[in-house]
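S.K.: pasting the structure only:
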């Protein structure tokens, strides 16, 4: 693992997928909405922390890009979970799960940048986590009202 810079987006994607699978398993317990959002963001941050512990990212852009990759993996796992549980009879319903996939990618990119910036500013990580949770909650509320 000399040069992990090329492997880190794919590693982020895989770990994000595993985090999404864990969130899918946790959803079987019927968690309250706010708690479920926090759990999902913690799982994405954990996946990113694992990648960041293996590789140092020289720029915030690369950290956010790895976050984006982890969020896509998370969203794909969630999409697979919904497909298996609800949509197995109608593939067209999968299109309704594409906006949440993009939201997970966006919030994970925020978390990736926050992890990077947290090395220089102790408030960056908690602030980034709060922004990611707020964006996730706003998205969920918009979708429920639509």
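M.R.: Received the coordinates, thanks. What you see is a predicted model, and the numbers here were worked out from it, not measured in a lab.

S.K.: drop to CA atoms for contacts and neighbour counts, all remaining ones
M.R.: Will do.

S.K.: Mind jotting down where the helices sit in this protein?
M.R.: 8-27, 33-54, 60-82, 98-117, 124-145 (DSSP state H).

S.K.: Dump those to TSV, plus mean pLDDT, distance to residue 89 and mean neighbour count.
M.R.: Shown next, in TSV, are the helices of the chain (pLDDT from 0 to 100; distance: least, CA to CA, whole Å; neighbours: other CA atoms under 10 Å):
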stretch	mean pLDDT	distance to residue 89	mean neighbour count
helix 8-27	88	19	22
helix 33-54	90	26	19
helix 60-82	92	11	25
helix 98-117	95	18	24
helix 124-145	92	23	16
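
S.K.: Let's have those in CSV, adding distance to residue 92.
M.R.: Shown next, in CSV, are these (distance: least, CA to CA, whole Å):
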stretch, distance to residue 92
helix 8-27, 21
helix 33-54, 25
helix 60-82, 13
helix 98-117, 11
helix 124-145, 18
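
S.K.: Residues contacting stretch 13-25, please?
M.R.: If you take CA atoms under 8 Å, 6 or more residues apart in numbering as the criterion, stretch 13-25 is touched by 39-40, 43-44, 47-48, 66, 69-78, 81.

S.K.: let's go with 7 Å and repeat that
M.R.: Here stretch 13-25 makes contact (CA atoms under 7 Å, 6 or more residues apart in numbering) with 40, 43-44, 47, 69-78, 81.

S.K.: and what of stretch 97-104?
M.R.: 71, 72, 74, 75, 76, 79.

S.K.: so how many other residues sit close to the spatially closest residue to the last one that is not a sequence neighbour?
M.R.: With CA to CA, 6 or more residues apart in numbering as the criterion, residue 79 has its nearest non-adjacent residue at 6.2 Å, and that residue is residue 97. Taking other CA atoms under 10 Å as the criterion, the count of residues near residue 97 is 16.

S.K.: distance of residue 97 from residue 49?
M.R.: Distance of residue 97 to residue 49, given as CA to CA, to the nearest Å: 26 Å.

S.K.: what do you get for residue 42?
M.R.: 10 Å.

S.K.: Repeat that for residue 123.
M.R.: 16 Å.

S.K.: and the most centrally placed residue in the chain, what does it touch?
M.R.: Centroid-nearest residue in the chain, with CA atoms, centre = their mean: residue 71, separated by 3.4 Å. Applying CA under 7 Å, 6+ apart to residue 71 gives the contacts 16, 44, 104, 105, 108.
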